[in-house]
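A.B. asks: the following block contains a protein sequence and its predicted model.
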Amino acid sequence: MKFDYYIFIDYSENLIGYSIIEKERIGELLLKISRFRHYKNTRNKQIYLKNIKKTIKRENIESYFLKLKINKMYQNMDIYSDVLEFIKRHDNCLIFVSVDNRQYGAFNKIVGFVKRNGVVVKKESELIERTPEYQVSLVLDNLLNIERLRE
């Protein structure tokens, strides 16, 4: 199934964030993020994040996203309301949503108020490695870790 929009919600310790990308932009983005992987799976985390940070800046990765936001964890309702508002405004589109496993239950309860047939919500752990959805989810994962270590 091809979706019109892909939404990723992820969390890292005290931060939560989301990204929204249009299907047309995914192909271009995938070419730029082929080296991205999950932060927790890297050996030398500091060097990896330093290189990824340079790539994000050099390739202007954030510009590929329609929306991108990172907040403190206590502001998770702000993240959820942004995503729900987006889903509600795009009621005639097919939307894929990937949610961090720890946030899945809470998000699913909230999305039930606006959920409709064109929305598919999956746990992050259900994403299959090397798929476009998995690769794009790594951008937010890495941005959250960069922000977390900056604080």
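C.D. replies: Perfect, I can see it now.

A.B. asks: can you pull out the strands in the chain?
C.D. replies: Ranges of strands in the chain, per DSSP state E, are 5-12, 15-22, 67-72, 95-99, 119-123.

A.B. asks: where does this protein have low pLDDT?
C.D. replies: 1, 114-116, 151 (pLDDT under 70).

A.B. asks: mind listing the helices for it?
C.D. replies: Assigned by DSSP state H, the helices in the chain fall at 23-32, 45-58, 76-89, 101-111, 132-150.

A.B. asks: ok, and which of these has the densest surroundings?
C.D. replies: Comparing the helices of the chain by mean neighbour count (mean count of other C-beta atoms under 10 Å), helix 132-150 comes out on top with a mean of 19. (Glycine included, C-beta is placed from N, CA and C.)

A.B. asks: send over it as PDB, restricted to the C-alpha atoms.
C.D. replies: Output in PDB follows, covering the C-alpha atoms of helix 132-150 (Å, rounded to 0.1, in the frame of the first residue of the first chain):
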ATOM      1  CA  PRO A 132      11.900   3.000   3.300                       C
ATOM      2  CA  GLU A 133       9.800   3.400   6.400                       C
ATOM      3  CA  TYR A 134      12.500   2.000   8.600                       C
ATOM      4  CA  GLN A 135      15.200   4.100   7.000                       C
ATOM      5  CA  VAL A 136      13.200   7.400   7.300                       C
ATOM      6  CA  SER A 137      12.400   6.600  10.900                       C
ATOM      7  CA  LEU A 138      16.200   6.600  11.600                       C
ATOM      8  CA  VAL A 139      16.400  10.400  10.800                       C
ATOM      9  CA  LEU A 140      14.100  11.200  13.800                       C
ATOM     10  CA  ASP A 141      15.900   8.700  16.000                       C
ATOM     11  CA  ASN A 142      19.200  10.300  15.300                       C
ATOM     12  CA  LEU A 143      17.900  13.900  15.600                       C
ATOM     13  CA  LEU A 144      16.500  13.000  19.100                       C
ATOM     14  CA  ASN A 145      19.800  11.500  20.200                       C
ATOM     15  CA  ILE A 146      21.800  14.500  18.900                       C
ATOM     16  CA  GLU A 147      19.400  16.900  20.800                       C
ATOM     17  CA  ARG A 148      19.500  14.700  23.900                       C
ATOM     18  CA  LEU A 149      23.300  14.700  24.100                       C
ATOM     19  CA  ARG A 150      23.400  18.500  23.400                       C
END
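
A.B. asks: good, wrapping up.
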